[in-house]
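Novice: sequence below, structure please.
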Amino acid sequence: MDKFKLDYEMKVRNVSVDDLCNACGISKAAYYRKRNGKTEFTRKEIQAIVDYLHLPSPMDIFFTDEVS
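Specialist: From the prediction side, this is the model:
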């Protein structure tokens, strides 16, 4: 997950963490755990974020290529 792209998309749309958490049905604590990679967003949560932010695709944010 690219948390910086998610932050950017939220900022340009003037969406707060509270707004996004309400749209996903998760707590702020759960959001920050997921955002920081401690746990993963569910498919339902990803779809709620994509719908709420009117993103064309979840790929750039949630399914980034990681090379080790």
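
Novice: packing partners for the helix or strand bottoming out on mean pLDDT in the chain?
Specialist: Of all helical and strand segments in the chain, the minimum by mean pLDDT, DSSP states H and E falls on helix 59-62, at a mean of 90. If you count contacts as 3 or more C-beta pairs under 8 Å, 6 or more residues apart in numbering; DSSP states H and E, helix 59-62 packs onto helix 3-12. C-betas here are computed from N, CA, C, even on glycine.

Novice: quick one: low-confidence ranges for the protein?
Specialist: 65-68 (pLDDT under 70).

Novice: for the nearest residue to residue 47 once chain neighbours are set aside, give its distance to residue 29.
Specialist: Spatial nearest neighbour of residue 47, chain neighbours left out: residue 58 (7.6 Å); criterion: C-beta to C-beta, 6 or more residues apart in numbering. Distance, residue 58 to residue 29, using C-beta to C-beta, to the nearest Å: 22 Å.

Novice: between these two, which one's more packed in?
Specialist: Between residue 58 and residue 29, residue 58 has the larger neighbour count (other C-beta atoms under 10 Å), namely 16 against 9.

Novice: now the least confident helix or strand of the chain: buried residues?
Specialist: Within helix 59-62, the residues scored as buried using 16 or more other C-beta atoms under 10 Å are 61, 62.

Novice: do stretch 9-28 as well
Specialist: So stretch 9-28, judged by 16+ other C-beta under 10 Å, has buried residues 9, 10, 20, 21, 24, 26.

Novice: want to throw those into a markdown table with distance to residue 3?
Specialist: A markdown table is the format used below for these (distance: C-beta to C-beta, whole Å):
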| residue | distance to residue 3 |
| --- | --- |
| 9 | 11 |
| 10 | 10 |
| 20 | 12 |
| 21 | 15 |
| 24 | 15 |
| 26 | 15 |
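
Novice: what is the nearest of the residues you listed to residue 47?
Specialist: Nearest to residue 47, judged by C-beta to C-beta, of these is residue 24 at 9.3 Å.

Novice: ok so, going back, looking at the buried residues of stretch 9-28, which is nearest residue 46?
Specialist: So of the buried residues of stretch 9-28, ranked by how close each gets to residue 46 (C-beta to C-beta), first place is residue 24, at 8.8 Å.
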